[in-house]
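Asks: No letters, just coordinates:
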């Protein structure tokens, strides 16, 4: 009687290389952190960059005191969060400070381009905002920032649901609380127009 052994038909060298690659990828994630934590920070940083860019656009395009104050509030909240994000990512060996920008971050491994990031505005979205002023600017900016904040909240909810790192989860909770309050304020500002 002849008994044949089971085989997947794969090349043993290929199987060993694949297993080594998987092990190397898993070992590059620090203890107490998972891929969701890393992706959250890697995506939230450029998301915040765009929010700060939008906030800086307000000065000189409107005389709406409430909008000017809101833009300053966004800058005051998100600037320090960005510093915390970059510090955590550098501590985890995930990047250097020179790569922390919308253009400088490599998200090719995530299978989603920057344009598909929740709440990110495209260049085509930003051009009319750049060219607007006064009441037209106010309405456009508020509408876009509400969408932008909703994207940050969605990313934060994913971190809370699937993340492992307590500091990342705490940041996600703070982002949700702060940005939801700002959405409520912006909706009221739009309704009061």
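Replies: Nice, I can see it. A quick note: this is a predicted structure, and the numbers were derived from the prediction, not measured.

Asks: in this protein, which residue is closest to the centre?
Replies: Geometric centre of the chain, nearest residue: residue 44, 2.1 Å, by CA atoms, centre = their mean.

Asks: Kindly provide the distance from it to residue 155.
Replies: For residue 44, the distance to residue 155 (CB to CB, to the nearest Å) stands at 6 Å. Every C-beta, even on glycine, is put in place using the N, C-alpha and C of the backbone.

Asks: if I pick the residue nearest to the centre of the chain, what's in contact with it?
Replies: 81, 85, 152, 155, 156, 175 (CB atoms under 8 Å, 6 or more residues apart in numbering).

Asks: tell me the SS of the fourth one?
Replies: Right, residue 155. Put simply, residue 155 is helix when judged by DSSP: H, G, I helix; E, B strand; the rest coil.

Asks: residue contacts, it?
Replies: Going by CB under 8 Å, 6+ apart, residue 155 touches 40, 43, 44, 47, 117, 118, 172.

Asks: just the residues you listed now: which is nearest residue 137?
Replies: Closest approach between the contacts of residue 155 and residue 137, by CB to CB: residue 47, at 21.6 Å.

Asks: Can you tell me, leaving aside adjacent residues, what's nearest to that closest one?
Replies: In this structure, residue 47 finds its nearest non-sequential neighbour in residue 152, 5.7 Å apart by CB to CB, 6 or more residues apart in numbering.
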